[in-house]
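[1] Sharing a model prediction with you, sequence too.
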Amino acid sequence: MKIQKLFRKTLFGVFFLFGVIGVSTSVLCIYTVDTHLSEEYESNSKDIAKTIADASVDILLNRNLTALQSLIDQFVEIQGISYIYITSETGEFLAHTFVPGIPEEIRTGDTTSMVTVERSLPGMGDFVEVASPILAGVAGAVHIGSDTGLIALKVQRAIGQQIYLISIIFVVGILAAIWLVGQAARPVDGVLAFAVKLAQEREADGRGNEKLLARNDEAGELARLFLHFSQVMDRDKADGLSQPGGKE
């Protein structure tokens with residue numbers, strides 16, 4: 001389908017608009033889903049850390065480290081929880097789920113801090129670590145690391161489904177835009193063909209173009225205007241030949 005130059009910018013504008021809508025929607029969705037999942041994982045990790053902290057008070061008072069290790073081993077099986085470690089009030093490691101050992105970054109870090117931190121552990125990945133004090137910090141703290149890679153994977157799945165839908169809408173929209181622009185350009189093609197016919201053949205009676213001349217839009221007005229000018233030119237030419245001294 002040939003599109004007139006007059007409508008090409010409009011068609012490209014429609015393509016650009018679809019592109020902007022698709023990109024902006026995807027960016028907003030990525031930001032929203034990532035923020036929501038990150039907050040949800042962080043909140044769940046804090047709740048689990050508080051649960052462990054409350055349940056480990058009696059265990060710590062009895063210095064039953066085996067029971068403490070068994071306790072945190074149960075929670076590490078929860079999806080998203082990558083590691084758990086418990087420290088004393090002095091920062092000593094009492095129990096942990098690291099295999100084969102505690103990473104150097106955690107071992108040398110501030111284990112008494114209760115601030116949520118983002119960690120990148122070599123060979124393990126990226127994590128968000130939260131902490132919950134045990135007896136207001138007097139008996140130590142529980143630290144839990146959540147895998148942010150799992151969040152990224154869920155974001156990718158959500159965005160993949162959205163992009164699939166947007167791609168379908170984009171293709172259908174483009175095809176519809178091409179068809180609509182083609183429908184709008186068709187009367188212009190008729191007007192151009194009619195004008196060329198008048199200029200070449202000087203048939204100013206409009207025969208064969210009744211539908212075009214009968215249109216009540218701009219294309220019909222232009223066609224009738226061209227026909228009027230052609231008829232005026234023919235009358236002027238006829239009047240010039242009928243005047244004395246006119247050429248025959």
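    Happy to help now that I have it.
[2] Please count neighbours and contacts with C-alpha atoms only from this point.
    OK.
[3] Correct me if wrong: Ile178 contacts Lys9.
    No: using Cα atoms under 8 Å, Ile178 makes no contact with Lys9, being 12.0 Å away.
[4] Neighbour count for these two, which is higher?
    With neighbours defined as other Cα atoms under 10 Å, Ile178 and Lys9 compare such that Ile178 has more, 21 against 11.
[5] In terms of helices and strands, where is Ile78?
    For Ile78, there is no host helix or strand (DSSP states H and E).
[6] distance of it from Ser146?
    10 Å (Cα to Cα, to the nearest Å).
[7] so where's the chain shaky on pLDDT?
    1-8, 184-248 (pLDDT under 70).
[8] show me where it has helices.
    Ranges of helices in the chain, per DSSP state H, are 5-55, 57-61, 65-75, 104-107, 148-201, 210-214, 218-242.
[9] Nearest to the spatial middle of the chain, which residue is it?
    Ser26 (0.5 Å; Cα atoms, centre = their mean).
[10] contacting residues for it?
    159, 162-163 (Cα atoms under 8 Å, 6 or more residues apart in numbering).
[11] got these as TSV, with distance to Asp58 and neighbour count columns?
    Shown next, in TSV, are the contacts of Ser26 (distance: Cα to Cα, whole Å; neighbours: other Cα atoms under 10 Å):
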residue	distance to Asp58	neighbour count
Ile159	46	17
Gln162	49	16
Ile163	52	17
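[12] Between those residues, which sits nearest Ile52?
    Nearest to Ile52 among these, counting by Cα to Cα, is Ile159 at 34.5 Å.
[13] can you list the domains in the protein?
    Following automatic domain parsing, one gets these domains for the chain: 5-155, 202-243.
[14] Same list (the ones you listed) but as TSV, adding distance to Gln183.
    Listed next are these as TSV, based on distance: least, Cα to Cα, whole Å:
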stretch	distance to Gln183
domain 5-155	11
domain 202-243	12
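[15] tell me the most buried of those?
    Across those, averaging neighbours per residue (mean count of other Cα atoms under 10 Å) puts domain 5-155 on top, at a mean of 16.
[16] Now do it: distance to the chain's middle.
    Centroid separation between domain 5-155 and its chain, computed with Cα atoms, centre = their mean, to the nearest Å, is 25 Å.
[17] show me the biggest strand of this structure in terms of residues.
    Using DSSP state E, we find that the single longest strand of the chain is strand 125-134.
[18] so what does that one touch, helix or strand wise?
    helix 5-55, strand 117-121, strand 140-147, helix 148-201 (3 or more Cα pairs under 8 Å, 6 or more residues apart in numbering; DSSP states H and E).
[19] And these: which comes nearest Ile102?
    strand 117-121 (10.5 Å).
[20] ok and that closest one relative to strand 125-134, angle-wise?
    Angle between the axes of strand 117-121 and strand 125-134 is 130 degrees (criterion: axes from the mean of the first three to the mean of the last three Cα atoms, to 10 degrees).
[21] Could you count how many residues lie near Tyr164?
    For Tyr164, using other Cα under 10 Å, the count is 11.
[22] what does the one 10 residues further on give?
    For Ile174, the count of nearby residues is 17 (other Cα under 10 Å).
[23] Contact partners for it?
    Ile174 neighbours (Cα under 8 Å, 6+ apart): 14-15.
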